[in-house]
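Chemist: Here is a sequence with its predicted model. Questions after.
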Protein chains: 2
Amino acid sequence: MNTQTILLKNRPEGRPTLSDFEFTSEDADLTISSGELLLESKYVSVDPYLRGRMSDAKSYVAPFELNKPIHSGVIAKVLESKNDQFSTGDYVSGMLDWKTKQVSKGDGLLKVDKNKAPLSAFLGVLGMTGLTAYCGLTQIGKPKVGETLIVSGAAGAVGSVVGQIGKILGLKVIGIAGSDEKVNMLKSKFGFDAAINYNTSTDMKADIAKAAPNGVDIYFDNVGGPISDAVLFSINKFARIVNCGAISVYNATELPKSISVQPFLVKNSALMQGFIVSNYEDKFPEAMKNLSTWLSEGKLTYTETIVEGFEKIPKAFIDLFDGKNTGKMVVKL
Amino acid sequence: MNTQTILLKNRPEGRPTLSDFEFTSEDADLTISSGELLLESKYVSVDPYLRGRMSDAKSYVAPFELNKPIHSGVIAKVLESKNDQFSTGDYVSGMLDWKTKQVSKGDGLLKVDKNKAPLSAFLGVLGMTGLTAYCGLTQIGKPKVGETLIVSGAAGAVGSVVGQIGKILGLKVIGIAGSDEKVNMLKSKFGFDAAINYNTSTDMKADIAKAAPNGVDIYFDNVGGPISDAVLFSINKFARIVNCGAISVYNATELPKSISVQPFLVKNSALMQGFIVSNYEDKFPEAMKNLSTWLSEGKLTYTETIVEGFEKIPKAFIDLFDGKNTGKMVVKL
């Protein structure tokens, strides 16, 4: 049976390029044994964190191996099953290889209910994206009604969910994004109280201070770099900075420099906490329950950038670093 | 009655100089009313955090006013009392003006028992210094037996106590200090497992990695700047960075730049938390009990740099920024 695969060919230096990826196509023996499933990929998630796994620097997860398939969150259809937990025709989500078809033992796969939400949502608002937003904001941000939340990468997959949860929980929510279109969408579609375009702002520090006249209690940071430097000047006493990502520096070839955070933290008794969503697995049931409820009640909405075609996966991934996505970037096969 | 006072004459730009301070001497009316005390200063604490209060930048406490007395931790003798809580001859500790004699209403003053420890210890190991070390390490560092603790400014007042508490709590303890003499003292007197001289190290990153082969679980940071940059490369997953101070940048006239911490925090699910000791007032009784016990059992020791003479207070304060003190810097009157 023919299957196509995307391998990591080179460890990117700086910004990834198409030549860092290699496509293979082969007639593979996809016969399954007892306990196994044959899966056909339907939606593949591309996420900024994958950039870290393409390097061999120390990280929270092992790096991808060279000349081996890359993997990420995937929604797949069960074409054939010799596993009691899954039936032919089921849809599953899990960390799977960038392959059109593959055999799995079912470990770590979850069944998804396509009647509950569109399949791609299980990679986004009802998947790792939504869990990341929920757990980071509630477990580290510890929001209290009336506080001010600022979100960077606010029009991104995680950021747009963070801001909406912030509104549901009674916060004043300010977003930072990179275009007027995104800024408008944050306010009109996602209900942010204010939004700042960092590409047109001539003084981020002043614009943040103006948008947050009572200061910033929670900063949900997806980007790092100069935007995060500017936020520091507005943090309140006991501020919580949720370090979800640092997309602005993931492609840096030299160690990026920023304003020293220590004096700001000491002066304000402020916290910064990095995390990965799996740290909060015990909160996943609560998170899924709330996210599903809010989604069905229409309190939570989402956008996706859906790119079509297996062969577009590397480009879709690279485009994340130019902010070409609005909301969750997903490739449909 | 003659009393001398030290006023803040100028807000220092960069490193404070003697000309930022003004001495006055006057024959003041120090007659006390009902509820008041007449105090004679015996020991005055000089601390790096006072630098922050000499600026008018936003901070956790209001800045000192120009042409008004500076205040800090002081041990004073009660010369006369019309307050039921204190008797003539008592010794008290509290935040008091830099004056040889002053009238107080007793608010915020604590009686100290000179039979329990030398008076100056109540400004150090049994005072704010010890409480800062204890609360920062236990409440933010959350040490677990067998973990590795690294302390910057390790020969300073807080640092030397932090390291010793670390040993008492079963940690591997590494100190960073600025001279061979201090490094030797950390190991011989305070029981640190290893110590690094940042002034002679040619590769701090490598020296830290060598001293902490299992990585760093807790970093108690008194200094900020390049030393803290170097520690980041050795932090473990779920590391806790206790941001107690940033003496290396307190005198900076331009915003200091450092390596961006965000990628390190995200990669390691690590925490940074700034604090001021008063955040943990509810832990003070526990802290004082443990510190007193450890001191009386000989498990905890301390050094002081005692400078004599009221007129030496500004110079003693300035000398902190050159690391001229070992342990707590105190001025004896």
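Modeler: In hand now; what should we look at?

Chemist: got the domain boundaries for chain A?
Modeler: With automatic domain parsing serving as the domain definition, the record reports that chain A contains domains spanning A:2-124+A:303-332, A:128-278.

Chemist: any idea how far the longest one is from the chain center?
Modeler: Going back to what we said before, that points to domain A:2-124+A:303-332. 14 Å (Cα atoms, centre = their mean, to the nearest Å).

Chemist: What of the shortest one?
Modeler: In terms of Cα atoms, centre = their mean, the centre of domain A:128-278 is found 14 Å from the chain centre.

Chemist: gap between the two ends of stretch A:273-283?
Modeler: Stretch A:273-283 has an end-to-end distance of 17 Å (Cα to Cα, to the nearest Å).

Chemist: One more: stretch A:112-130?
Modeler: Taking Cα to Cα, stretch A:112-130 runs 15 Å from one end to the other.

Chemist: Not counting its own residues, what contacts the helix or strand where A:Cys135 lies?
Modeler: The secondary structure element spanning A:Cys135 is helix A:128-135 (assigned by DSSP states H and E). Helix A:128-135 has contacts (Cβ atoms under 8 Å, 6 or more residues apart in numbering or on different chains) with A:45, A:47, A:73, A:123-124, A:157-159, A:161-162, A:165, A:244, A:275, A:277, A:279-280, A:283-284, A:287-288, A:290-291, A:328. Where C-beta positions appear, they are placed from N, C-alpha and C, glycine not excepted.

Chemist: List every C-alpha atom in the helix or strand encompassing A:Val330, with coordinates, as CSV.
Modeler: Following DSSP H and E, one finds A:Val330 within strand A:328-332. Taking C-alpha atoms only, strand A:328-332 is exported to CSV below (Å, rounded to 0.1, in the frame of the first residue of the first chain):
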residue,chain,number,x,y,z
LYS,A,328,-4.8,27.2,14.8
MET,A,329,-2.8,26.1,11.7
VAL,A,330,-3.9,22.7,10.5
VAL,A,331,-3.1,20.8,7.3
LYS,A,332,-6.0,18.8,5.8
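
Chemist: partner strands of that strand, parallel or antiparallel?
Modeler: Looking at strand A:328-332 with DSSP bridges, its partner strands are strand A:37-45 (antiparallel), strand A:304-308 (parallel).

Chemist: mind listing what's buried in that strand?
Modeler: For strand A:328-332, the neighbour count (16 or more other Cβ atoms under 10 Å in any protein chain shown) marks A:Lys328, A:Met329, A:Val330, A:Val331, A:Lys332 as buried.

Chemist: now the strands paired with strand A:328-332 in a markdown table, with mean pLDDT and distance to B:Lys105?
Modeler: Shown next, in a markdown table, are these (pLDDT from 0 to 100; distance: least, Cβ to Cβ, whole Å):
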| stretch | mean pLDDT | distance to B:Lys105 |
| --- | --- | --- |
| strand A:37-45 | 97 | 65 |
| strand A:304-308 | 94 | 65 |
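
Chemist: The stretch 151-300 of chain A: strands as residue ranges?
Modeler: Ranges of strands in the stretch 151-300 of chain A, per DSSP state E, counting those that start in this stretch, are A:172-177, A:194-197, A:216-221, A:235-243, A:257-259, A:271-274.

Chemist: which stretch in the ones you listed is the model least sure about?
Modeler: Ranked by mean pLDDT, the strands of the stretch 151-300 of chain A bottom out at strand A:257-259, with a mean of 92.

Chemist: Which neighbours in the sheet does it have, and how are they oriented?
Modeler: The pairing partners recorded for strand A:257-259 under DSSP bridges are strand B:257-259 (antiparallel).

Chemist: contacts for the partner strand?
Modeler: By Cβ under 8 Å, 6+ apart, the residues outside strand B:257-259 that reach it are A:255-262, B:224-226, B:228-229, B:232.

Chemist: and those, which of them are in helices?
Modeler: For the contacts of strand B:257-259, the ones inside helices are A:Gln262, B:Gly225, B:Pro226, B:Ser228, B:Asp229, B:Leu232, with DSSP state H as the criterion.

Chemist: Which among those count as buried?
Modeler: Buried members of the ones in helices among the contacts of strand B:257-259, counted by 16+ other Cβ under 10 Å: A:Gln262, B:Gly225, B:Ser228, B:Asp229, B:Leu232.

Chemist: In a markdown table, list the residues you listed along with distance to A:Lys99 and pLDDT.
Modeler: As requested, these are exported to a markdown table (distance: Cβ to Cβ, whole Å; pLDDT from 0 to 100):
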| residue | distance to A:Lys99 | pLDDT |
| --- | --- | --- |
| A:Gln262 | 46 | 95 |
| B:Gly225 | 48 | 93 |
| B:Ser228 | 44 | 96 |
| B:Asp229 | 41 | 96 |
| B:Leu232 | 37 | 97 |
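
Chemist: how about the residues of the stretch 201-333 of chain A that lie near chain B?
Modeler: By Cβ under 8 Å from any Cβ of the partner chain, the residues of the stretch 201-333 of chain A that approach chain B are A:221, A:224-225, A:228, A:237, A:243-246, A:249-250, A:255-276, A:279.

Chemist: Leaving out the residues flanking it, which one is nearest to A:Ser292?
Modeler: Using Cβ to Cβ, 6 or more residues apart in numbering or on different chains and skipping the chain neighbours, the partner closest in space to A:Ser292 is A:Leu126 (6.5 Å).

Chemist: Tell me how far the one you found lies from A:Leu110.
Modeler: To A:Leu110, A:Leu126 is 10 Å away according to Cβ to Cβ, to the nearest Å.

Chemist: Next, the distance between the ends of stretch A:260-273.
Modeler: Terminal residues of stretch A:260-273 lie 16 Å apart, using Cα to Cα.

Chemist: before we move on, what about stretch A:76-90?
Modeler: In terms of Cα to Cα, the two terminal residues of stretch A:76-90 are separated by 8 Å.

Chemist: Show residues contacting that stretch.
Modeler: Everything outside stretch A:76-90 that qualifies as a contact, by Cβ under 8 Å, 6+ apart, is A:32-42, A:91-94, A:96, A:101-102, A:105-106, A:109, A:111.

Chemist: swap in stretch A:267-275?
Modeler: A:135-136, A:139-140, A:235-244, A:261, A:264-265, B:52, B:57-60, B:261-262, B:264-276, B:279.

Chemist: Now the buried members of those residues.
Modeler: Neighbour counting by 16+ other Cβ under 10 Å classes A:135-136, A:139-140, A:235-237, A:239-244, A:261, A:264-265, B:52, B:58-60, B:261-262, B:264-276, B:279 among the contacts of stretch A:267-275 as buried.
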